[in-house]
Structure formats: C-alpha cells, structure tokens
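**Student:** Need coordinates for the below:
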Amino acid sequence: MTTESAAPQVHDDGAARHLVTGMELPDIGLPSSRGDVVNLHTRRGAAVVYVYPWTGRPGVADPPGWDDIPGAHGSTPETEGFRDYYLKFRAQRIEVFGLSGQSSEHHAELIARLAVPFPLLSDAGFAFREALGLPTFEAGGMPYLKRLTLFVRDGRIGHVFYPIERPTSHAREVLDWLDQMRRAIADPRD
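**Tutor:** I've put the predicted structure just below:
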C-alpha cells in the first residue's frame, strides 16, 4: 500500500466542473448499508456525501495499477475521519453519507470493521454516477468513482469539494468550511 505522501499527486482535471451550486440531484434511490433505500433528491435538510472509489479488505489485494492512480488510495482513512467527526456534523444537524460503487454487503463489512455510525450508499449499477456525471477512473478494467464530496441541502448541491488532496484530513476540511460559512452568514463582513 502506498502512503498518502508517496501516492501520485491529485490535480483538478475539471471532471467535476459541471457540478455547480444549486444543481438538483438525480431522483434515484441508493441502497443503504442499513437495509433501506436513500434518495438524496427527496431528502430534506443538509448532508455531506463523500464519494470514494473503493475500500479494501484485510488480506485482499488492491485492483491492478491502484498504486499508480492519483487519488485512488485513502478511502479507509477518509471514512475513519468522517466517523471520528460524525458527532460534530450531527451537532450542526448535518447527516453524513459515504457513497461508492461497492455493494451494500461490502459496506456492511466495512461498517462492522471500522465502527462507522452513518450509512454507506451503494451505486453499484452506476445509475447515480451516470445521471450526475460523476468523474471516474479505471483500474484493472473496472470503473471506479473519483473521490469528491458534495454538501447538499434539500436535494440540491450546495458545494463541491474536488479534488480531494488529503483524504485522511478531509472530514476536518469539510468542518472548517462549514464553520467558515456559518461565520460569513453571522458576520457578512468576513
């Protein structure tokens, strides 16, 4: 496994440029690790949806070429970051969801292993990816979602974080952005 500092550098390739503030999310139900279906289009309130390519399992090799792909590594520590800051998000009435192309069964194993307190959503058929035009890459002949995060409110995009340069500290980055937005609303001179 490549460490974050040794991994190929991530750069903004413009693949998420079309994801703009106010854009409506597609009306698609996504299977949740909790056994229900989550539709981000119809969901009211605020949520952070961090999109990640793939989480490995202990003893299972990464897909071929994974170490050479910018942004491929880091999904497990990113998930751990959102887990560790989960109560801070909830204190602000913000839901947290992880989203990948992996199955709900894979997500259930990850949730149990890492004690993840929020649902992971499966876009295994890539319907959400295709409808929203989420950026992807290939490894071992298979498509994977590129890492990005959506702040959504009432079924619409409020902000897009892309690219994600440091998955290990990304949850903190999102919280810092939320704090900055709250301060700007409280004092518009900032």
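
**Student:** so what's Ile164 closest to, chain neighbours aside?
**Tutor:** Arg147 (4.4 Å; C-beta to C-beta, 6 or more residues apart in numbering). Heads up, the C-betas are built off the backbone N, CA and C, glycines and all.

**Student:** cool, Leu30 as well?
**Tutor:** Nearest non-adjacent residue to Leu30, counting by C-beta to C-beta, 6+ apart: Leu121, 4.1 Å away.

**Student:** List of residues touching the host helix or strand of that neighbour?
**Tutor:** Per DSSP states H and E, Leu121 falls inside strand 120-122. For strand 120-122, the external contacting residues (C-beta atoms under 8 Å, 6 or more residues apart in numbering) are 30-33, 38, 49, 97-104, 107, 110-111.

**Student:** mind listing what the residue sitting nearest the centre point of the chain touches?
**Tutor:** Nearest to the mean C-alpha position of the chain, by C-alpha atoms, centre = their mean, lies Tyr50 at 1.6 Å. If a contact means C-beta under 8 Å, 6+ apart, then Tyr50 has 78-79, 82, 96-99, 147-149, 170-171, 174 as its contacts.

**Student:** Look up how far Gly141 lies from it.
**Tutor:** 25 Å (C-beta to C-beta, to the nearest Å).

**Student:** Show the average pLDDT along stretch 56-68.
**Tutor:** The average pLDDT for stretch 56-68 rounds to 92.

**Student:** So which of the contacts of Tyr50 belong to strands?
**Tutor:** Among these, DSSP state E puts 96-99, 148-149 in strands.

**Student:** Now rank those by neighbours and give me the top one.
**Tutor:** Comparing the ones in strands among the contacts of Tyr50 by number of neighbours (other C-beta atoms under 10 Å), Gly98 comes first, having 27 neighbours.

**Student:** What sits closest to that residue if chain neighbours are left out?
**Tutor:** Nearest one to Gly98, counting by C-beta to C-beta, 6+ apart, is Leu120 at 4.3 Å.

**Student:** mind listing the strands for the protein?
**Tutor:** For the chain, the strands defined by DSSP E occupy 29-31, 37-39, 46-51, 94-100, 120-122, 136-139, 142-145, 148-153, 156-161.

**Student:** Switch the ones you listed over to JSON lines; also include distance to Pro70 and mean pLDDT.
**Tutor:** Listed next are the strands of the chain as JSON lines, based on distance: least, C-beta to C-beta, whole Å; pLDDT from 0 to 100:
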{"stretch": "strand 29-31", "distance to Pro70": "26", "mean pLDDT": "98"}
{"stretch": "strand 37-39", "distance to Pro70": "29", "mean pLDDT": "98"}
{"stretch": "strand 46-51", "distance to Pro70": "15", "mean pLDDT": "99"}
{"stretch": "strand 94-100", "distance to Pro70": "17", "mean pLDDT": "99"}
{"stretch": "strand 120-122", "distance to Pro70": "23", "mean pLDDT": "98"}
{"stretch": "strand 136-139", "distance to Pro70": "9", "mean pLDDT": "96"}
{"stretch": "strand 142-145", "distance to Pro70": "12", "mean pLDDT": "96"}
{"stretch": "strand 148-153", "distance to Pro70": "13", "mean pLDDT": "98"}
{"stretch": "strand 156-161", "distance to Pro70": "16", "mean pLDDT": "98"}
